[in-house]
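Participant: Have a look at this prediction, sequence included:
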Amino acid sequence: MNPQPLVTLPCKLPKSQLEWFIMESKEATSNYFQLIQTKIFRAFNNIYDEAVEHRVQLADQMIGNATGVEDEDDSHIHTTAAEFAAEYYFWLKRTGEGTVNLVGAALFHLTEQQLGTLIKELRPIRTHGDFQFEKIKKILKNDQFKIDVTKWSSWTKMRELNLVANVIKHSAGRSERELRRMRPDYFPSREIGGVSLEPGPLNPLIGEGFRIGEADLQAYFDAILLFWDELLAALNPYFGLSDSAA
């Protein structure tokens with residue numbers, strides 16, 4: 001049985017603008033992700049060379065500030081500069097990894113916020129408060145629409161991204177345990193001399209104990225765009241939307 005068009009829904013958005021909203025949401029996500037890749041991630045592309053340059057500049061500065069430097073003192077300065085440069089490289093690497101993690105969480109919450117805005121326009125009753133992703137999923141399934149997003153091709157990755165965002169925000173917990181089963185590669189093991197150690201601290205904001213890669217981000221971005229396409233197709237029988245936004 002085909003669903004009947006819900007022509008009496010008191011939507012703030014005209015039916016003709018629902019398709020526009022989905023297209024705009026996809027475009028906003030695309031622009032955001034592209035600029036992050038070209039402006040932010042690029043800053044971490046050559047961190048080893050940056051650390052080497054930092055060591056050279058620091059050593060030159062220390063030598064220039066010293067007076068009556070002997071050869072052995074000069075050697076000590078270079079050793080000290082190398083130690084500072086190693087620490088600098090360590091934090092460049094950690095910050096870069098943490099930034100990738102943060103963008104993963106941002107992609108999810110941007111989509112969640114966009115979906116929340118759309119759902120508020122679609123529901124025939126006044127709603128209050130924020131819409132979390134699981135709540136949006138239930139609204140689409142249980143209200144007039146009867147849309148089960150868990151059957152969509154994008155769902156597995158969207159669910160995974162939801163867990164990623166939760167781990168990045170909250171660290172250890174239920175989402176972390178579930179994600180460890182799904183993606184153990186996101187939780188790098190700790191070894192010394194080939195011996196596995198107990199898991200270390202979990203501080204995803206600085207890339208400690210949890211790391212996703214840029215290739216993973218691309219997969220999540222692709223899943224988000226697919227999710228919007230599948231939502232558009234699912235709403236089509238209700239609102240007579242075309243497929244031109246897909």
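Facilitator: Thanks, I have it.

Participant: Helices along this structure, start to end?
Facilitator: For the chain, helices defined by DSSP state H occupy the ranges 15-35, 47-65, 71-122, 133-142, 155-170, 174-182, 214-239.

Participant: List the buried residues in the fifth one.
Facilitator: To tie it back to what came earlier, the one meant is helix 155-170. 155, 157-168 (16 or more other C-beta atoms under 10 Å). Yep, even glycine has a C-beta here, placed from its N, CA and C like the rest.

Participant: now the second one
Facilitator: Neighbour counts over helix 47-65 (16+ other C-beta under 10 Å) mark 47, 50-51, 54-55, 58-59, 62 as buried.

Participant: follow-up on the earlier one: so which of the helices of the chain is the most packed in?
Facilitator: Among these, ranked by average contacts under mean count of other C-beta atoms under 10 Å, first place goes to helix 155-170 (a mean of 20).

Participant: tell me the angle that helix makes with helix 133-142.
Facilitator: With axes from the mean of the first three to the mean of the last three C-alpha atoms, to 10 degrees applied, the angle from helix 155-170 to helix 133-142 works out at 150 degrees.

Participant: Helix 155-170 - contacts with which helices or strands?
Facilitator: Judged by 3 or more C-beta pairs under 8 Å, 6 or more residues apart in numbering; DSSP states H and E, helix 155-170 is in contact with helix 71-122, helix 133-142, helix 174-182, helix 214-239.

Participant: Mean pLDDT lowest where, among these?
Facilitator: Lowest mean pLDDT within the helices and strands packed on helix 155-170: helix 133-142, at a mean of 78.

Participant: any idea how far that helix is from the chain center?
Facilitator: Averaging C-alpha coordinates over helix 133-142 and over its chain gives two centres that are 21 Å apart (C-alpha atoms, centre = their mean, to the nearest Å).

Participant: so D216 touches G104, yeah?
Facilitator: Yes: D216 is within contact range of G104, at 7.3 Å (criterion: C-beta atoms under 8 Å).

Participant: The most centrally placed residue in the chain: what's it in contact with?
Facilitator: Note on the chain: the residue nearest the mean C-alpha position is G104, at 0.7 Å, using C-alpha atoms, centre = their mean. Residues near G104 by C-beta atoms under 8 Å, 6 or more residues apart in numbering: 161, 164-165, 168, 212, 216-217, 220.

Participant: Apply 6 Å and report the result again.
Facilitator: Neighbour list for G104: 164, 212, 217 [criterion: C-beta atoms under 6 Å, 6 or more residues apart in numbering].

Participant: State the distance from the last one to Q57.
Facilitator: Using C-beta to C-beta, to the nearest Å, we find L217 at a distance of 32 Å from Q57.

Participant: ditto for the first one
Facilitator: When C-beta to C-beta is the yardstick, V164 and Q57 sit 37 Å from each other.

Participant: Ok, N31 next?
Facilitator: N31 is 36 Å from Q57, by C-beta to C-beta.

Participant: if we can go back for a sec, can you put the helices of the chain in a markdown table and add distance to G207?
Facilitator: Shown next, in a markdown table, are the helices of the chain (distance: least, C-beta to C-beta, whole Å):
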| stretch | distance to G207 |
| --- | --- |
| helix 15-35 | 19 |
| helix 47-65 | 12 |
| helix 71-122 | 3 |
| helix 133-142 | 24 |
| helix 155-170 | 10 |
| helix 174-182 | 15 |
| helix 214-239 | 13 |
